[in-house]
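>>> build the 3D model from these lines:
(2 chains)
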Amino acid sequence: MAVCVAVIAKENYPLYIRSVPSQSELKFHYTVHTSLDVVEEKISTAGKAMAEQRELYLGLLYPTEDYKVYGYVTNSKVKFVIVVDSSNTSLRDNEIRSMFRKLHNSFTDVMCNPFYNPGDPIQSRAFDSMVSAMMVQSS
Amino acid sequence: MSVPDYMQCAEDHQTVLVVVQPVGIVPEDQFFRIYKRISSVNQVNVRDTQRALFIRYRHHYPPENNEWGDFQTHRKVVGLISVTSCSSAKEWPQTAERFHGQKELFGSTLYDSRLLVFGLQGDIAEQQRTDVAFYPSYDNCPDVEKRVEDFVESIFIVLESKRLDRATDKSGDKIPLLCVPFEKKDFVGLDTDSRHYKKRCQGRMRKHVGDLCLQAGMLQDALVHYHMAVELLRSVNDFLWLGAALEGLCSASVIFHYPGGTAGKSGARKPSISAATDTGKRHRPGALTTSGISADTSSEIGRAKNCLSQEDIIEKYKEAISYYGKYKNAGVIELEACVKAVRVLAIQKRAMEASEFLQNAVYINLGQLSEEEKIQRYSVLSELYELIGFHRKSAFFKRVAAMQCVAPTIPDPGWKACYRLLLETLPGYSLSLDPKDFSKGTHRGWAAVQMRLLHELVYASRRMGNPGLSVRHLSFLLQTMLDFLSDQEKKEVTQSLENYTSKCPGGMNIITLPDGLKLPPVPFTKLPIVKSVSLLNLPASLRPHKVKGLPGQGVTSASPFIYSPITLHSRGDDRTKKIDFQWVQGDVCEVQLMVYNPMPFELRVENMGLLMSGVEFESLPAALSLPAESGLYPVTLVGVPRTAGNITVNGYHTSVFGVSSDCLLDSLVGVKSSGCTVEVVPSLPRLQLSTSLPRSARLCGEDLSSSVCLQLFNGETQQLVITLENIGSETLNTLEMSSKTLTTKEKLFGDFLSWDLQDALSRLPLKPGQAVTVPVDIHAKLDFSGQENLLQDLNDDGISVTGLPISSPLRQVLKPRPENKQKTNTEGGTEGHSGEQKINRGKKNDTLEAVLNFRYSGGLGQVEGYYREISLGVKVDVEPSVFFTRVSTLPASSTRQCHLLLDVFNPTEHELTLTARNQQLILHSSECQRMAIQVDKFDFESLPMPSHDVLRQSSLYQQEEERQQAHGGQINSTLDLRWNIISFSCQLLSSLCSSGEASVEGVLTQLVLEHMQLAPLQWDVLVNGKACDSDVVADCKVGDAVPLEVKLTNRSKSPVGPFSLTVVPFQDYQNGVQNSELQDVVTFIGSNSFYIDSVSPAGNSTCVGALLFLYTGDFYLSIKFQDDSVGRDLPPASFCLPSVHVRAQDPA
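Numbering: from 1, shown residues only, chains lettered A, B, ... in the order given. Have a look, this model is predicted:
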């Protein structure tokens, strides 16, 4: 399913980024990094309109030749980015949504950990395994 | 058409294209100067009309693009300006020929052309030609602009005529089919008479006319024409041209909506002129609502109808692009349309849609692109992304462009361009190249991406041939990304850094790039990481001390209160806190840093020194090597302050991997410090202390510069010569000396240390390099009393007594035997053995410790009131020499004398000789002997009494103690007890002699003292007028009256008496029998008792009687007190009258 999952802090630096090991990690770093432009743009335009009832799911950020990049922003401006292989056409929007919801729940758990310092890279094993599960489903 | 013009924007549709080219050899800089002047004429208001003509100049234009001129007329080259140098008339024909050749190139489309000739003078230049202008030189051509304006007007005339020609061409039967180059072959053999074909021709022509109208400044007409063209072409499905018509519609609308242009600052039009052209005609979009009632309402409405709204513009662009997309050969057109649309969207601030256009543009395949074109394409994409605010995307493409500059397929890689482009990507990746931005806590960013970029910068700068830059970038990488580098990467990075620095060492200078970017220095604050900084005090012997009581000192605290429980809480202000010790100018001072090495390998730090301010400071750098991932590691940095004042530690400098860095403490995170400012006092002299004895380990608990340790027998004296050398640079002016004996459990007799400083003082002032010596006598004299347990072993039986034979049972045992300690050792045979055992057990070496202090000052520091102290610890292990196990007295024959009996024990392993006055006693090891010394009794009263204030201070007990001590001292000095250890077997070859004094002070008890005290009442007995004492035998004749005089002198302080004495004569038979029944032998003349009235102090009283001896013989007279209770308050010795020995002889 997903080939890369990233959690990006409010200040736009990565808290967590993981990609399938088969491909170059750096490439996904670039992909996710550039996708932030779109995320910011979407937030700034949508944010003005209805800051309260804004939908967290941003939808497809941009397609590339090989991948589709989806975005999600929590109310605290933490961004989730999921990169999906474009060849996987069976994937529905709803499934992407549910993936983000799962990610958000797991992230909330991480934040609830009293030993986690907000702003630090996420090193939770539970979160890790959840992301792994998300990526394993694909192949 | 294969070369896209990425700089195009919508309003370019309005312009006419003029190519400016050099002919022959024209210096490039001169050409561009002229080109620039020509280009300034980019907008011309045509005479008699209110229209304006916009001109686009190109100095290079591919002719194949010109072929698309019918498709979009702004692509058509309509004007040519040639610039040429021509120095002589001879060259002129050739030049003219070339000009014609150039005209041929664009011949089919040119409306007009001009030739600017520079340098030619003479006949040819005189002739008036419209198409050629002559100028004497490049600097002397004032009317170039005017010429160009004329030229543009001539172009306008042609354009206008063409427009009118085409616009009114409706009546003509045949409308030619306009087509793009790649279409030509498609229309071969097509039915030209079909309605479909005609419509197509009409539509294309309509579109063409629209283009011309737009160029000619007739926006409204253009809109109308475009609308018509769209309708016509849509009906015949001529998609390529439909796209063009739509784009034309968009362009016209954009020009209407955005008179300022969409190209950004560089291509901004002059709004004033633009406004002038539009006077009364054109309104801003907002004007439609605000000024609804206009003079010409109908035209307003019509305009609004024709013109596209802002949203429609984008819709139509999308449509146009989708049509273009149907044709592979129209890639360039599609790409340019995308670029134009993006610019419009950027102005509309619709970034998301713009990004979609750009995304589309990325995928447009233009076939084989040259590397240069690729670079240009990526750069433009980057710029456009920047335009819509997608900085990250922009950076991404810029980086791709940079990489393209040095693609392996390029034979001559442009590293400089690559480097420049990479630098431009930095903001997009939120990297700043200033290490200060990274010093705040942990780094947060896209480390992987940033590291990659830095690596590329390093590589590019190296290939550029600028190792200084690579070193700077690599340093930055190492400093800021240290946490993200793996161990392997750390190794690689440092290795390459070392390689680079071997060629070009890194420093703290700011590198300024040619384009003005400044690269701040990168101090390695993490190699090693400093955790704490603490200034160290000088060693004790070098610390300056302030002389107390000098004015202007002490009242330094800010609070008026001497003590306040409220401590001012200054958090985080530790670094500015002042330290309460001082440093001295000219003396090495130390700062201790706790550092650790975060690298997985050994870190060599060279040239590590301090950065100080406030005072001239000479730093003495150190080199250190830190083991891999070391824990906290103390490093001491040293330096010498050269002037006095307040010095502040600002930081430190290091040299790691060939990069020298200045690390300021202010910019370091998490450095603990207990203050960084310290006072430096003016220079003081410095003394070095050396002694005649070897140095020893320091005494614990005392802050001493050095110490000596020696071993002495109790009572021994040794001289210690202390040499003080001035090793500083200042003259020593004052020197004081004092000593302090550390408290010991042992009682010390006499002065432990005594010295004579006079000689040394006479040599002051002491210049640098000079030395003085101070002799110090060390005198170890502890208690000589034997331990209690020894006493019991020494029975009288086994002890040989020297001196006087003990004949009197009056001997007093003064120390009571402690019965409870008695052990089962009464057998004579085992006596010595057991005694020895006990001695060994009881023998403990006592130590005496004292500190000698030298206080000295000089130089400027003395003026400021500072001095220094150097101290020498003296430690003496005192071994026992002799023990006086028991002391007692025996009265001597004379009342003025007594015998002091000393039981002397030799606890040493050597033979020992003890001398006292005229006697000598040899003691073998562990031998105990008794020594009797005849001494005069002492008149303690004559000793000086302690002064009154001392008396007042000390308690009664202390007074008593002191008095006893004084008495003991006096006795001791009289006795002059000395011991001598003859064979000092420890020394193998030389049989050294140790000698020393012994003292009985400690063993004397109150009782002994009393016995040794000269009675305060002095009794003198005179027989026959002669003083009688114990040994003196008074002679007298039988039958003669012997006068007996008893005289009492009172030396005590109180009156004594009255006493009554009785004289009892007796005879001693020397066998223990005394005969006192001598009434028949001796008679008293008068009374045999005397009465002495009370005697006042210092007074005396005498009573006289007489005796008559009737027979010859030796007689003794015993003078006794009648009433014993009289003088109970006086010591018994006071009532000890001398016995009188009278020998009566025959009168013959």
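>>> so which bits of the stretch 301-450 of chain B are right by chain A?
The stretch 301-450 of chain B has residues B:351-352, B:355, B:359, B:363, B:385, B:389-393, B:396, B:429-430, B:442, B:444-446, B:448-449 near chain A, with proximity defined as CB under 8 Å from any CB of the partner chain. Placement of C-beta: from N, CA and C, glycine included.
>>> could you flag which of those are buried?
B:351, B:355, B:385, B:389-393, B:396, B:429-430, B:444-446, B:448-449 (16 or more other CB atoms under 10 Å in any protein chain shown).
>>> filter the residues you listed down to the ones in helices?
B:351, B:355, B:385, B:391-393, B:396, B:448-449 (DSSP state H).
>>> of those, which pair is most distant in space?
With distances taken as CB to CB, the most widely separated pair in these is B:A351 and B:A448, at 26.2 Å.
>>> contact partners for the closest residue to chain B within chain A?
The minimum distance from chain A to chain B, using CB to the nearest CB, falls at A:D37 (3.7 Å). A:D37 makes contacts with B:355, B:385, B:389-393, as judged by CB atoms under 8 Å, 6 or more residues apart in numbering or on different chains.
>>> just confirm it is within a strand.
No: assignment of A:D37 by DSSP: H, G, I helix; E, B strand; the rest coil gives helix, placing it outside any strand.
>>> per-residue pLDDT of it, please?
As predicted, A:D37 sits at a pLDDT of 87.
>>> contact residues of chain A facing chain B?
A:9, A:11-14, A:25-26, A:29-30, A:33-34, A:36-38, A:41-42, A:45, A:62-63, A:65, A:119-120.
>>> now the helices: where do they sit in chain A?
Under DSSP H, chain A gives helices at A:25-49, A:93-112, A:125-136.
>>> one more: the stretch 401-550 of chain B?
Using DSSP state H, counting those that start in this stretch, the helices assigned to the stretch 401-550 of chain B run over residues B:415-425, B:447-463, B:467-480, B:487-503.
>>> most residues in a single helix of chain B, which one?
Longest helix in chain B, counting by DSSP H: helix B:144-167.
>>> so what does that helix touch, helix or strand wise?
strand B:15-23, helix B:28-39, strand B:43-45, strand B:52-58, strand B:77-85, strand B:112-118, strand B:132-135, helix B:195-215 (3 or more CB pairs under 8 Å, 6 or more residues apart in numbering or on different chains; DSSP states H and E).
>>> just give the nearest non-adjacent residue to B:V1023, would you?
Distance criterion CB to CB, 6 or more residues apart in numbering or on different chains; nearest residue to B:V1023, sequence neighbours excluded, is B:A1034 at 3.9 Å.
>>> what of B:L478?
B:V493 (5.5 Å).
>>> mean pLDDT for the helices of the stretch 401-550 of chain B - can I get that in CSV?
Listed next are the helices of the stretch 401-550 of chain B as CSV, based on pLDDT from 0 to 100:
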stretch, mean pLDDT
helix B:415-425, 87
helix B:447-463, 87
helix B:467-480, 86
helix B:487-503, 87
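>>> okay, the residue in the stretch 301-450 of chain B positioned nearest to chain A: pLDDT?
Chain A sits closest to B:F390 of the stretch 301-450 of chain B, with a gap of 3.7 Å, by CB to the nearest CB. At B:F390, the pLDDT value in this model is 88.
>>> please state the backbone phi and psi of it?
B:F390 adopts backbone torsions of phi -90, psi 80, taken as degrees, to the nearest 10.
>>> for chain A, give me the ranges with low pLDDT.
Within chain A, the segments meeting pLDDT under 70 span A:46-54, A:136-139.
>>> against B:D437, how distant is the residue nearest to A:L103 when sequence neighbours are not counted?
Excluding its sequence neighbours, the residue lying closest to A:L103 (CB to CB, 6+ apart) is A:F80, at 5.2 Å. To B:D437, A:F80 is 27 Å away according to CB to CB, to the nearest Å.
>>> and the two? which has more neighbours close in?
A:F80 (23 against 13; other CB atoms under 10 Å in any protein chain shown).
>>> tally up the residues packed near the residue in the stretch 801-950 of chain B positioned nearest to chain A, please.
With CB to the nearest CB, the shortest gap between the stretch 801-950 of chain B and chain A falls at B:Y866, namely 51.4 Å. When neighbours are defined as other CB under 10 Å, B:Y866 has 23 of them.
>>> how much space between the residue nearest to it when sequence neighbours are not counted and chain A?
Once flanking residues are discounted, B:Y866 sits nearest to B:P544: 4.2 Å by CB to CB, 6+ apart. Noted for B:P544: a distance of 48 Å to chain A, by CB to the nearest CB, to the nearest Å.
>>> residues near B:P544, how many?
25.
>>> and what of the one 4 residues further on?
Counted with other CB under 10 Å, residues neighbouring B:K548 total 8.
>>> what's the pLDDT at the residue lying closest to B:D211 once chain neighbours are set aside?
In space, and not counting its chain neighbours, B:D211 is closest to B:T73: 4.0 Å by CB to CB, 6+ apart. Per-residue confidence (pLDDT) for B:T73: 86.
>>> OK, contacts around B:T73?
B:208, B:211-212, B:215.
>>> can you lay out those residues as CSV showing pLDDT, neighbour count and distance to B:D666?
Converted to CSV, the contacts of B:T73 look like this (pLDDT from 0 to 100; neighbours: other CB atoms under 10 Å in any protein chain shown; distance: CB to CB, whole Å):
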residue, pLDDT, neighbour count, distance to B:D666
B:H208, 89, 25, 71
B:D211, 89, 31, 66
B:L212, 89, 22, 69
B:Q215, 88, 27, 64
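>>> so which of those comes closest to chain A?
Using CB to the nearest CB, the contacts of B:T73 come closest to chain A at B:D211, 34.8 Å.
>>> still on that earlier bit, need the max-distance pair from the contacts of A:D37.
Within the contacts of A:D37, B:S355 and B:H391 form the most distant pair, 12.4 Å apart (CB to CB).
>>> what touches both of these two?
With CB under 8 Å, 6+ apart, B:S355 and B:H391 have common neighbours A:37, B:385.
>>> one step back: could you flag which of the residues of chain A next to chain B are buried?
A:9, A:12-14, A:29-30, A:33-34, A:36-38, A:41-42, A:62.
>>> ranges for the strands of the stretch 501-650 of chain B?
With DSSP state E, counting those that start in this stretch as the criterion, the stretch 501-650 of chain B has strands at B:511-512, B:518-519, B:529-535, B:544-546, B:578-584, B:589-596, B:603-613, B:617-620, B:622-626, B:633-641, B:645-656.
>>> can you give me the helices in the stretch 1001-1148 of chain B?
B:1006-1012.
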